[in-house]
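*Asks:* Sequence and computational prediction follow.
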Amino acid sequence: MREIDLRQVSAAVAQASIRACHRLGEGMEEAFSQAQKKEESQLGQWVLSYLVENARIAQMGPLPLCQDTGMLVVFAQVGQDVHFVGGNWEDAIADGVREAYCSGYLRKSVVSHPLWRENTGDNTPPVIHTRIVPGEQVKLWIMPKGFGSENKSQLFMLNPTEGIEGVKKAVVETVKKAGGSPCPPTVVGVGVGGTMEKACLLAKWALARPIGEPAEDERVAQLEQEILAELNNLGIGPGGLGGRVTSFAVHMETYPTHIAGLPVAVNLLCHAVRHEQVVL
């Protein structure tokens with residue numbers, strides 16, 4: 001049994017949250033480089049160059065990449081042989097978020113009630129998804145999720161007979177309908193299977209994958225590439241101003257489902273692809 005003081009968790013969340021808001025996600029510099037080679041539109045090239053310049057200035061500052069520093073989503077894998085001391089698990093994560101957004105001067109965007117909408121003043125509470133896994137490590141994925149892209153999410157409860165073509169159509173329709181609103185080029189998270197809520201969770205978890213890393217299942221990886229090709233033929237392009245590079249990548253996660261259903265969720269991530277991983 002390994003003992004971890006929850007103050008370590010709070011500190012790790014705070015540091016990772018600030019880093020995630022200040023710099024591009026892992027692998028994004030290479031993704032932008034490849035996009036600039038593929039983009040045929042002059043306007044698209046112009047948008048990509050300014051996005052790269054924005055990231056450079058942010059890292060020098062350090063300054064947030066975007067004024068929307070998001071609602072914090074945390075995926076946690078907690079080893080079953082870990083024992084926490086010094087408080088409550090979810091409170092410790094919230095303390096880290098509070099520290100990051102207040103001391104880091106990040107925009108506080110969370111309201112305490114979805115209808116009455118009074119700002120909490122510290123960007124808490126975060127959204128936390130915790131899984132218990134073997135071992136004695138704690139792994140955290142910190143994702144500040146802006147709502148320009150989040151608002152374009154879609155859930156489809158398809159008939160099983162719609163199959164692969166139905167899945168493709170759902171993803172393409174979502175991206176086409178979103179247009180320039182999610183700040184493309186995007187990364188497109190797709191969750192297929194499970195139940196309604198499981199598909200949505202899969203789509204969000206898919207966005208935590210390193211940029212462009214293919215699915216483990218070769219058939220799913222091939223499907224990711226086929227969908228990506230269709231998205232980049234839509235003509236939406238960088239910033240929604242036209243071009244060949246509408247999306248950097250499609251990441252798909254799947255799960256067993258019921259014989260009568262085919263849930264498909266699509267969650268978009270803006271060009272900054274902000275996430276940080278922490279291992280304790």
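*Replies:* Received the coordinates, thanks.
*Asks:* Going by C-alpha atoms from here, please, whenever you check contacts or count neighbours.
*Replies:* Fine.
*Asks:* got the residue ranges for the helices in the protein?
*Replies:* Listed in chain order, the helices of the chain (DSSP state H) span 6-22, 28-38, 42-60, 89-103, 147-150, 163-178, 196-206, 218-231.
*Asks:* Endpoints of stretch 28-46, how far apart?
*Replies:* Chord length of stretch 28-46, first to last residue, is 17 Å (C-alpha to C-alpha, to the nearest Å).
*Asks:* Sorry, slip of the keys, the one I care about is stretch 258-265.
*Replies:* Criterion C-alpha to C-alpha; first-to-last residue distance in stretch 258-265 is 16 Å.
*Asks:* Over to stretch 263-280?
*Replies:* For stretch 263-280, the end-to-end distance is 34 Å (C-alpha to C-alpha).
*Asks:* mean confidence for it?
*Replies:* Averaged across stretch 263-280, pLDDT comes to 95.
*Asks:* Dump the helices of the chain into TSV; add mean neighbour count and mean pLDDT as well.
*Replies:* Formatted as TSV, these follow (neighbours: other C-alpha atoms under 10 Å; pLDDT from 0 to 100):
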stretch	mean neighbour count	mean pLDDT
helix 6-22	23	97
helix 28-38	15	92
helix 42-60	17	93
helix 89-103	20	97
helix 147-150	20	96
helix 163-178	17	98
helix 196-206	23	98
helix 218-231	17	98
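*Asks:* Of all residues in this protein, which one is nearest the centre?
*Replies:* Among the residues of the chain, the one closest to the centroid is L207, at 4.1 Å (C-alpha atoms, centre = their mean).
*Asks:* show me what contacts that residue?
*Replies:* Applying C-alpha atoms under 8 Å, 6 or more residues apart in numbering, we find L207 in contact with V187, V188, G189, H251, L269.
*Asks:* between the helices of the chain, which gets nearest to H129?
*Replies:* Among the helices of the chain, the nearest to H129 by C-alpha to C-alpha is helix 196-206 (8.8 Å).
*Asks:* what comes into contact with that closest one?
*Replies:* The contact list for helix 196-206 (C-alpha under 8 Å, 6+ apart) reads 75, 155, 157, 189-193, 251-255, 263-267.
*Asks:* same check, this time on stretch 141-152
*Replies:* Applying C-alpha under 8 Å, 6+ apart, the contact partners of stretch 141-152 are 13, 16-17, 20-21, 68-76, 174, 178, 181-183, 208, 267-270, 274-278.
*Asks:* Just among the contacts of L207, which is most surrounded?
*Replies:* Among the contacts of L207, H251 has the most neighbours (other C-alpha atoms under 10 Å), with 33 neighbours.
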